[in-house]
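**Student:** coords please:
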Amino acid sequence: MSIYPVRRFLLAVAITICIPLVYLCAAGAPSASHLPDFTDLVDKVGPAVINIRTATHAQQQGLTSPPLGLDDGDMSEFFRRFFGIPLPQQPGKPDSPRGGGTGGTVDPSDSEQSSGVGSGFILSADGYVMTNAHVVHDADAIYVTLTDKREFKAKLIGVDERTDVALVKINAKNLPTVMISDSNMVRVGEWVVAIGSPFGLENTVTAGIVSAKGRDTGDYLPFIQTDVAVNPGNSGGPLINMKGEVIGINSQIYSRTGGYMGISFAIPIDEAIRVADQLKVNGRVVRGRIAVAISEVTKEVSDSLGLAKARGALVSSIEINGPADKAGVQPGDIILKFNGRNVSTATDLPRMIGETKPGIQVTLTIWRKGKIKDLFVVVAEMQPDITMQVKTDRRSPEKEREFNQLGLAISDLSPEQLKSMHLKGGVQIDDVYGPGTRTGLQRGDIILRIGDIDVLNTKQFELLVQKLKPQKSIALLVRRGDNTQFIPVRPRAEPAQK
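**Tutor:** Residues are numbered from 1 along each chain as shown. Presented below is the predicted three-dimensional model:
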């Protein structure tokens, strides 16, 4: 019996199986049509993105220095090697070309020297332009160049250093403008595009995705994190979604070299527009304040205090006679809500307070000693460079140390200390040993509360410590200088010996 018919049969079966697989693989393979196309988006938004150059007077700036922290040799070599062209002339340099254009075209005087370069975008057809505060900081002159090469000398309307937002105005009409999106609709993983002037190279387009939202790197800035290539000169330019809408202002990069390393940050456009609206009307931003310093609520602290989960803002210190102090807020309180709005993390609270108009009474919902309580606070206006009163603790004289189960040697506060620190009770840490050293407790710290119980003196504190369960964490409310925080500590079974 021949085996050839069997081979033909097996070959036919193999072909029958493979043909559908080929079609499936072809269907599942990525194609160019499935990749994002940014061309229409750039055509739509590009004309509203501008280049910003700043200048200072020669007597203030001294010798001309190229932008970006590079010397002329570095910049010349950069442009020669990668572009085959000489170093472009900067504003204020000899023979610096100025665009022809009409109307607002300007020619800065010889006394001006280039001091920086950045980006921005046009908010309104009558010439309002948004950029970063650090782009125009300390500039004596600001020049805005459009994509059609017209250049205008801009007027600074206002800057807000807290949010790094600035608003400038050029004398022009019928300008192309950007569309503004809702920052709250941004999704992690979506494609985004940045347009700007990195290293002075105007109208450069880079693309990437949103890497994260709500990166808390400042009191008023829940940044949008992306992997879009952003370099010096991109600052102030728009971050754009696939609908061609601005979702943020490119502001910062994380870098160990000064250049792009894969992480960049943008200010959410909702925050920026709120600031720009105030700058347009008042030339400055008015913010509320209740005069408290806060810190994050950790899981260990929330567990020790009976909170269902770690949330809210822990009050670490209070300005004497400030709005919160007058309302009865105390160090160690955890603010859970501000005027009915949930405070999920400590960084939520400054933005909520800052957005509130001064003079308005608001409700603070706090957690204190296992109970929820409402307090009523009248919001004050934040003033520049306001600082809280700081007091220095006086330490007790040296004496022989006896350490308890928490690894602490403590002493009573003198009447003078209690009066100067506006305290009714508490004990001072004279030395730290054993479990205490692992928590960050220090000599001179004042213990105000153990769990939910106020500390009155050393005798009461030691009795409370003796009743603690070994190896079960307990939160101590500790004051250090003018700041107060909860510090979790695990007691030992027996007092520590040193």
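**Student:** Helices of the stretch 301-450 of the chain, residue ranges please.
**Tutor:** With DSSP state H, counting those that start in this stretch as the criterion, the stretch 301-450 of the chain has helices at 323-327, 348-354, 415-420.
**Student:** Which one of the ones you listed lies nearest to residue 117?
**Tutor:** helix 348-354 (30.6 Å; CB to CB). (C-beta placed from N, C-alpha, C; glycine too.)
**Student:** Please parse this protein into its domains.
**Tutor:** By the assignment in automatic domain parsing, the chain contains the domains 48-169, 179-282, 288-381, 408-489.
**Student:** what's the first-to-last distance across the shortest one?
**Tutor:** Taking CA to CA, to the nearest Å as the measure, domain 408-489 stretches 11 Å from start to finish.
**Student:** Can you give the distance from that domain to the centre of its chain?
**Tutor:** Centroid separation between domain 408-489 and its chain, computed with CA atoms, centre = their mean, to the nearest Å, is 33 Å.
**Student:** again with the second one
**Tutor:** Taking CA atoms, centre = their mean, the mean C-alpha location of domain 179-282 is offset from the chain mean by 12 Å.
**Student:** gap between the two ends of that domain?
**Tutor:** Distances were taken as CA to CA; on that basis the terminal residues of domain 179-282 are 24 Å apart.
**Student:** Are we agreed that residue 459 is in a helix?
**Tutor:** Yes. Applying DSSP: H, G, I helix; E, B strand; the rest coil, one finds residue 459 inside a helix.
**Student:** quick one: it from residue 466, how far?
**Tutor:** 11 Å (CB to CB, to the nearest Å).
**Student:** Repeat that for residue 208.
**Tutor:** To residue 466, residue 208 is 58 Å away according to CB to CB.
**Student:** to the chain's geometric centre, what's the distance from stretch 142-158?
**Tutor:** Per CA atoms, centre = their mean, the displacement of stretch 142-158 from the mean C-alpha position of its chain is 28 Å.
**Student:** Show me what counts as buried in it.
**Tutor:** 142-146, 150-154, 157-158 (16 or more other CB atoms under 10 Å).
**Student:** Same check on stretch 370-382?
**Tutor:** 375, 377, 379-380, 382.
**Student:** now do stretch 355-373
**Tutor:** The neighbour-count check on stretch 355-373 (16+ other CB under 10 Å) flags 356, 362, 364-368 as buried.
**Student:** between those, which is nearest residue 340?
**Tutor:** Sorting these by distance to residue 340 puts residue 365 at the head of the list, at 8.0 Å, by CB to CB.
**Student:** By residue count, what's the longest strand in the chain?
**Tutor:** strand 204-216 (DSSP state E).
**Student:** quick one: buried residues of that one?
**Tutor:** Burial within strand 204-216, assessed by neighbour count using 16+ other CB under 10 Å, is assigned to 204-208, 210-211, 214-215.
**Student:** want to throw those into CSV with pLDDT and distance to residue 282?
**Tutor:** Converted to CSV, these look like this (pLDDT from 0 to 100; distance: CB to CB, whole Å):
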residue, pLDDT, distance to residue 282
204, 92, 34
205, 94, 35
206, 94, 35
207, 94, 37
208, 93, 36
210, 94, 32
211, 93, 35
214, 81, 28
215, 78, 29
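**Student:** what's the most distant pair in those?
**Tutor:** So, the buried residues of strand 204-216 by CB to CB: farthest apart are 204 and 214, at 27.6 Å.
**Student:** in this protein, which helix or strand is least confident?
**Tutor:** For the chain, scoring each helix and strand by mean pLDDT, DSSP states H and E identifies helix 72-83 as the least confident one, at a mean of 46.
**Student:** could I get the next helix or strand after it in CSV with only the CA atoms?
**Tutor:** Taking DSSP states H and E as the definition, the helix or strand that follows helix 72-83 towards the C-terminus is strand 112-122. The C-alpha coordinates for strand 112-122 follow below in CSV (Å, rounded to 0.1, in the frame of the first residue of the first chain):
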residue,chain,number,x,y,z
GLU,A,112,17.8,95.3,24.8
GLN,A,113,19.4,91.9,25.2
SER,A,114,17.8,88.5,24.8
SER,A,115,16.9,86.8,28.1
GLY,A,116,14.7,83.8,27.3
VAL,A,117,12.5,82.0,24.9
GLY,A,118,9.2,80.1,25.4
SER,A,119,5.8,79.4,24.0
GLY,A,120,2.2,80.4,24.4
PHE,A,121,-1.2,80.2,22.8
ILE,A,122,-3.9,82.7,21.8
